[in-house]
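Undergrad: The amino acid sequence is not available; the structure is as follows:
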Ligand SMILES: NC(=O)c1ccc[n+]([C@@H]2O[C@H](COP(=O)([O-])OP(=O)(O)OC[C@H]3O[C@@H](n4cnc5c(N)ncnc54)[C@H](O)[C@@H]3O)[C@@H](O)[C@H]2O)c1
Ligand SMILES: [Zn+2]
Ligand SMILES: [Zn+2]
């Protein structure tokens, strides 16, 4: 079979490998589609602190079961499957308290272990989620990024009563927008790329803010009558944006949810947190949220078609990465097809 390997940063090759053997608790999946995420591109460019090399990247993948281990209870040959890429230890503090996505030794397929950019993958039964067979593969590949949307909604305690700001109208910011609108919230979204803000408007954003041309504090005053945003998502990855989110934009009793993982330091004032009882909340990966997302897809509550803008054959992953880097105005999510 063929596999796409990032050998070292900036060096990607298509290699021949043996089809993996499965254990009694695994299935063999024939991969059908795999999304390209910012973190895959980051691994390619050597900018992901969590990754090790050489690595078959790809954590947003779906496929068809072609072989089933003797002890597997939840899958049969022919099933369409989405793979939750989070692997945890089961006994550390985070795992014991029901938060395996921040397991002390969390592993992610495609980051710490080989992932989905290969024709066949052996997957543990506890990572399998059944997909409806009429869901097109390239759309199904967005279940994982939508699971981030489900996780951030949970972490931020998002409700329909909230006035929400999303910083960043990339694929993740736009998914959060769809989730927040589904819940009935009033949502503003901020970016510096007009085409992405246009897309946000089409997806139902109540206000779009280009922070190059509009002062976000002014926008906040207009949108919230001076109260501030109740819930803010920082999904640009830029620490200056996060600093502004903490200092200038929240309402009293507000929450700021942090998605980015920059290691850049920035100043923060106690009084901004204390005086509003501001909560600054982390969010990472997803905590068993695939079933919820698959229900949203079945019920048409979100619009994953709108996120997938391009497809490339998986053997042209290098071209797809390059296209992703060079055309932020045209691309939301590229899906590799098999
Ligand atoms: N915590 C998690 O589990 C998790 C999961 C997925 C992604 N992420 C992170 O979420 C963030 C968003 O992911 P994405 O795939 O949508 O990324 P992306 O890079 O496609 O989108 C980021 C958006 O932010 C905008 N932006 C960048 N700097 C800005 C600035 N200074 N002011 C205003 N806008 C700015 C960009 O124009 C872009 O549209 C990234 O930081 C990513 O690493 C976190
Ligand atoms: Zn991702
Ligand atoms: Zn653990």
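TA: Alright, I've got the coordinates. A quick note: this is a predicted structure, and the numbers were derived from the prediction, not measured. Ligands and ions are numbered 1, 2, ... in the order given.
Undergrad: shaky segments in this structure?
TA: Residues of the chain meeting the criterion pLDDT under 70: none.
Undergrad: Can you spell out the domain ranges of it, please?
TA: 2-145+286-337, 157-282 (automatic domain parsing).
Undergrad: got the phi/psi numbers for the residue nearest the centre of the chain?
TA: Nearest to the geometric centre of the chain sits residue 145, at 3.4 Å (Cα atoms, centre = their mean). Note on residue 145: its backbone torsions stand at phi -60, psi -30 [degrees, to the nearest 10].
Undergrad: Return the residues in contact with it.
TA: Residue 145 sits next to 35, 37, 60, 171-172, 175, 307, 333 when contact means Cβ atoms under 8 Å, 6 or more residues apart in numbering. Heads up, the C-betas are built off the backbone N, CA and C, glycines and all.
Undergrad: hang on, the earlier thing: can you lay out the domains of the chain as CSV showing distance to ligand 3?
TA: Putting these into CSV (distance: least, Cβ to the ion, whole Å) gives the following:
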stretch, distance to ligand 3
domain 2-145+286-337, 3
domain 157-282, 16
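Undergrad: Turn those into a markdown table, columns for distance to residue 151.
TA: Conversion of the domains of the chain to a markdown table gives the following (distance: least, Cβ to Cβ, whole Å):
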| stretch | distance to residue 151 |
| --- | --- |
| domain 2-145+286-337 | 4 |
| domain 157-282 | 10 |
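Undergrad: Tell me which of those domains lies nearest to ligand 1.
TA: domain 157-282 (2.1 Å; Cβ to the nearest ligand atom).
Undergrad: and that closest one, how far out from the chain's middle?
TA: 17 Å (Cα atoms, centre = their mean, to the nearest Å).
Undergrad: Residue 43 is in contact with residue 51, isn't it?
TA: Yes. When contacts are counted by Cβ atoms under 8 Å, residue 43 is listed as touching residue 51 (4.4 Å).
Undergrad: Output the set of residues of this protein in proximity to ligand 1.
TA: For the chain, the residues found near ligand 1 under the criterion Cβ under 6 Å from any ligand atom are 38, 148, 168-173, 190-193, 196, 211, 235-238, 241, 259-261, 283-285.
Undergrad: ChimeraX command for the buried members of the residues you listed?
TA: To isolate the buried members of the residues of the chain next to ligand 1 in ChimeraX, using 16 or more other Cβ atoms under 10 Å:
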select :148,168,169,170,171,172,173,190,191,192,196,235,236,237,238,241,259,260,283,284,285
